[in-house]
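Student: sequence? don't have it. structure:
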Ligand SMILES: Cc1ncc(COP(=O)(O)O)c(C=O)c1O
């Protein structure tokens, strides 16, 4: 089997599994005041310190959530509502058009039911935010902007966003910026304090940690209106029993990912470059999507002319290579990716997308398998496409 879908989820590392195995054996709710509870609490706070060190923030700025999706929901809904409560004239919500659905759908929901004035910031042909467009949008009426959300790197085409420029521009007008950094932990250096962000979403399972745990990193004076109500855990920002073993696993994953960042990225990007060069040399109608150089080290994203991505995916899977089309299909119906459409591709071209995402366990044998399999897979997918037409 050749697993090349690390952007969907990456296998847990041995240190993570060992740390969690030990943590699962510790009994106690971290909010209980007896000694068992205090032991569990100590493990949570040590893990919080490790996560904070890995992303360059103060431990008090880490609010654990059930993952990236919840952190994005809390950021978009909670920060917009907080702004509204303090500054009722600030109702515009600016989000990039290539955000993950956790951001985009939260923003749409706020526009449909809460009165947020949603505007999508366009991207260029590489999926990179157009700073000229953002600048024009803000300058139209800076005092009406509640929040800007721009992801650190795109999960489909891998393009890195000009976040420093976004934050510098927003700072001129006192507008808070949120960034979904789910794909970048262990892939690019992340320093929350230096970034100037008001809020940042992270998730454990994309870098060797367990599924179902993540965090919203929040500057200390930034307090979103909670989305979940209950026991008042996590500074009353995120209620719910604190899942100590998952948090311990997340800390081990972040520590490992950050410690190995340089060597990992050098190895993975060279494997990826090899994969890209060899796929393009096959002359199977592949076009590389996303920014040619400023992209995630493990991401290679192509469209194949005349093919359906789903057919390619199934045929690759039958040949032992696991990849992704990059976008979710709704109710089993293949949809052209909103990211590729925002980049200006037509729907037919966009439906031929295939994302290869490399990670810690990837080797040259995986790349060889892709290159060996692709010509036949593309030919069969193209024929199937013609029959279905
Ligand atoms: C950019 C991005 N944001 C958010 C998420 C959602 O994170 P989680 O799976 O932890 O809910 C993902 C996962 O696919 C992602 O790639």
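Tutor: Yes, it's here. If you're wondering where the values come from, they're calculated on a predicted model, not measured in any experiment. Numbering: from 1, shown residues only.
Student: how much space between whichever residue of the chain sits closest to the ligand and residue 303?
Tutor: For the chain, the residue closest to the ligand is residue 68, as judged by Cβ to the nearest ligand atom, at 2.5 Å. From N, CA and C alone the C-beta is placed, and that goes for glycine too. Distance, residue 68 to residue 303, by Cβ to Cβ, to the nearest Å: 26 Å.
Student: what of residue 272?
Tutor: Counting by Cβ to Cβ - residue 272 and residue 303 are separated by 17 Å.
Student: repeat that for residue 9.
Tutor: Shown here: residue 9 relative to residue 303, a distance of 23 Å by Cβ to Cβ.
Student: setting aside sequence neighbours, what's the nearest residue to residue 29?
Tutor: residue 37 (5.5 Å; Cβ to Cβ, 6 or more residues apart in numbering).
Student: so where does residue 179 fall, helix or strand?
Tutor: strand 177-180 (DSSP states H and E).
Student: and that strand, what does it pack against?
Tutor: When contacts are defined as 3 or more Cβ pairs under 8 Å, 6 or more residues apart in numbering; DSSP states H and E, strand 177-180 sits against strand 145-149, helix 163-171, strand 199-203.
Student: if we use 6 Å, what do you get?
Tutor: If you count contacts as 3 or more Cβ pairs under 6 Å, 6 or more residues apart in numbering; DSSP states H and E, strand 177-180 packs onto helix 163-171, strand 199-203.
Student: if we can go back for a sec, tell me which of residue 68 and residue 303 has more neighbours.
Tutor: residue 68 (26 against 23; other Cβ atoms under 10 Å).
Student: that one and residue 201 touch, don't they?
Tutor: Yes - counting by Cβ atoms under 6 Å, residue 68 does reach residue 201; the two are 5.4 Å apart.
Student: tell me which residues of the lowest-mean-pLDDT helix or strand in the chain are tucked away?
Tutor: Least confident helix or strand, the chain: helix 364-388 with a mean of 92, by mean pLDDT, DSSP states H and E. By 16 or more other Cβ atoms under 10 Å, the buried positions in helix 364-388 come out as 366-367, 369-371, 373-374, 377-378, 380-382, 384-385.
Student: what's next to that helix, contact-wise?
Tutor: 2, 4, 271, 274-275, 278, 282, 284, 304, 306-308, 311-312, 315-316, 319, 321 (Cβ atoms under 6 Å, 6 or more residues apart in numbering).
Student: so which of the helices and strands packed on strand 177-180 is the most packed in?
Tutor: strand 199-203 (a mean of 29; mean count of other Cβ atoms under 10 Å).
Student: all strands of the stretch 51-200 of the chain, in order?
Tutor: 62-65, 92-96, 117-121, 145-149, 177-180, 199-203 (DSSP state E, counting those that start in this stretch).
Student: the residue nearest to residue 58 when sequence neighbours are not counted: neighbour count?
Tutor: The shortest distance from residue 58 to any non-neighbouring residue, by Cβ to Cβ, 6+ apart, is to residue 52 (6.1 Å). As a burial measure, residue 52 scores 21 neighbours (other Cβ under 10 Å).
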